[in-house]
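A.B. asks: got a predicted structure plus its sequence, pasted below:
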Amino acid sequence: MGGMRGGGVQDAVALAEIELCGELMIVASTAAGERLSFAVIDEVLRVREARMPVGAGCWGEE
């Protein structure tokens, strides 16, 4: 059985997704209301208002 190409990249992405999910769960567990607001979710996920240029990487790298 051969090795997977790009497996390391996929692993890094999966770990980043798990970390963000964990951060959302921590914030949700301490929230006063029944649901998190979109603003709080965006803050936890580090969503920015400005759009990245086409061809930019996930965090603005080129």
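C.D. replies: Now that the structure is in, tell me what you want to look at. Source: prediction; values computed, not measured.

A.B. asks: can you get me the start-to-end distance on stretch 31-41?
C.D. replies: 11 Å (CA to CA, to the nearest Å).

A.B. asks: next: stretch 34-46.
C.D. replies: Start-to-end, stretch 34-46 (CA to CA) is 22 Å.

A.B. asks: what's the average pLDDT for that stretch?
C.D. replies: Regarding stretch 34-46, the rounded mean pLDDT is 90.

A.B. asks: buried ones in it, by neighbour count?
C.D. replies: Val44 (16 or more other CB atoms under 10 Å). The way it works is simple: take the backbone N, C-alpha and C, and place the C-beta from them, glycine included.

A.B. asks: for it, which outside residues touch it?
C.D. replies: Leu20, Glu23, Leu24, Val27, Ala28, Ala31, Val47 (CB atoms under 8 Å, 6 or more residues apart in numbering).

A.B. asks: again, only using 6 Å
C.D. replies: Leu20, Glu23, Leu24, Val27, Ala28 (CB atoms under 6 Å, 6 or more residues apart in numbering).

A.B. asks: secondary structure element for the last one?
C.D. replies: When you say that, I think you mean Ala28. helix 7-30 (DSSP states H and E).

A.B. asks: one step back: next, format the contacts of stretch 34-46 as JSON lines and append pLDDT.
C.D. replies: Output for the contacts of stretch 34-46, formatted as JSON lines (pLDDT from 0 to 100):
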{"residue": "Leu20", "pLDDT": "92"}
{"residue": "Glu23", "pLDDT": "94"}
{"residue": "Leu24", "pLDDT": "93"}
{"residue": "Val27", "pLDDT": "94"}
{"residue": "Ala28", "pLDDT": "93"}
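
A.B. asks: with distance to Ser37 and neighbour count added, can I get the residues you listed in TSV?
C.D. replies: Output for the contacts of stretch 34-46, formatted as TSV (distance: CB to CB, whole Å; neighbours: other CB atoms under 10 Å):
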residue	distance to Ser37	neighbour count
Leu20	17	13
Glu23	15	13
Leu24	12	15
Val27	11	14
Ala28	11	15
